[in-house]
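1. Dropping the sequence and predicted coords here.
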Amino acid sequence: MNIDALIAYVTSTPLTWIIITISAYKIGVLIYEKNGKHALLQPIVIAYIIMLPILIVAQIPYKQYFESVSILHFFLGPATVALALPLYKNLKLIQAYFFPILITLFAGGVFTILSALGILWLFDASKITMLSMTTKSVTAPITLITAQDIGAIPSLAMGFVVITGLLGALFGTFVFKLLNIKHDAAKGFALGLISHAVGTARAFEISENAAAFAALAMGLVGVFIAVLLPIVIGLL
């Protein structure tokens, strides 16, 4: 009984899950670097592979786990703001591409939503599932707020965000090679626009220019969707 009580106490303590989560990600980083930073071995992918069995075996509900690591989610905000540094360093370059950026932001932002909704509609998905998918290309802090505003399920919306980020990080480089895209600014903006923070992290490995444009795209598409999406859905 004492052992069972000890296990129950340890698994219900937020610090336990914070340590396990950070350790899983650190293991992911080590594996990623040891294997020459292979695209299929992204640290966040390894971390999920480690965390999922642990949560299943420990029978920890998602809500409990999410609340336990809430402090990590809190720091996502400051981390996102810190991306302003590469933006500032590349301000002149960004100004030079001002109009292409606006056009790409609008076209890409609208297409990423409509394409996802179209696929879900073909598979006869429920309205709330479709709403939860609309924020898939927005970074986590903005997703949580926007999902609540539009009547989506925050946990489901976060799931779509994670999957989108992983797909972008895993296959972004392959797509760039397939389409012969060599401009770092284009690579970075595409990664930030579609795959938010995970894509931006991948862009940092390409170059500082790619990181700057990824951070810019992530911030702009976040504002674009957070402001306009609730208005559009409200009108519908």
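-> Everything's here; your move. Residues are numbered from 1 along each chain as shown.

2. all contacts plus neighbour counts: C-alpha atoms, from now on.
-> OK.

3. you'd agree I46 is up against K26?
-> No. Using C-alpha atoms under 8 Å, I46 makes no contact with K26, being 9.4 Å away.

4. Which one of these two is surrounded by more residues?
-> More crowded of I46 and K26, by other C-alpha atoms under 10 Å: I46, with 20 against 16.

5. Quick check: the more buried one vs S132, distance?
-> Between I46 and S132 the distance is 25 Å, computed by C-alpha to C-alpha, to the nearest Å.

6. so who does T143 touch?
-> Contact partners of T143, counting by C-alpha atoms under 8 Å, 6 or more residues apart in numbering, are T135, K136, P154, A157, M158, V161, A226.

7. List the buried residues of the strand or helix carrying the last one.
-> Counting by DSSP states H and E, the element that carries A226 is helix 208-235. Within helix 208-235, the residues scored as buried using 16 or more other C-alpha atoms under 10 Å are 208-222, 224-226, 229-230.

8. One more: stretch 179-195?
-> Judged by neighbour count using 16+ other C-alpha under 10 Å, the buried positions of stretch 179-195 are D184, A185, A186, K187, G188, F189, A190, L191, G192, L193, I194, S195.

9. Of the residues you listed, just say which sits nearest to T112.
-> When those are ranked by distance to T112 (C-alpha to C-alpha), I194 comes first, at 7.3 Å.

10. List of residues touching the helix or strand where the closest one lies?
-> Taking DSSP H and E as the criterion, I194 maps to helix 184-204. With C-alpha under 8 Å, 6+ apart as the contact definition, helix 184-204 has outside contacts at 80, 105, 108-109, 112, 137-139, 161, 164-169, 172, 176, 181, 206-207, 209-218, 221.

11. Kindly report the same for stretch 19-30.
-> Taking C-alpha under 8 Å, 6+ apart as the criterion, the residues outside stretch 19-30 that touch it are L41, Q42, P43, I44, V45, I46, A47, Y48, I50, M51.

12. do you know how far the second one is from L144?
-> Q42 is 24 Å from L144, where distance means C-alpha to C-alpha.

13. Also the fourth one?
-> I44 sits at a distance of 19 Å from L144 (criterion: C-alpha to C-alpha).

14. Between these two, which has more neighbouring residues?
-> For I44 and L144, the more surrounded residue by other C-alpha under 10 Å is I44, and the numbers stand at 21 against 18.

15. Name the residues of whichever strand or helix holds that one that come out as buried.
-> Using DSSP H and E, I44 sits within helix 43-58. For helix 43-58, burial by neighbour count (16+ other C-alpha under 10 Å) applies to P43, I44, V45, I46, A47, Y48, I50, M51.

16. and if you look at stretch 132-150?
-> Residues 132-144, 146-147, 149-150 are the ones in stretch 132-150 that count as buried (16+ other C-alpha under 10 Å).
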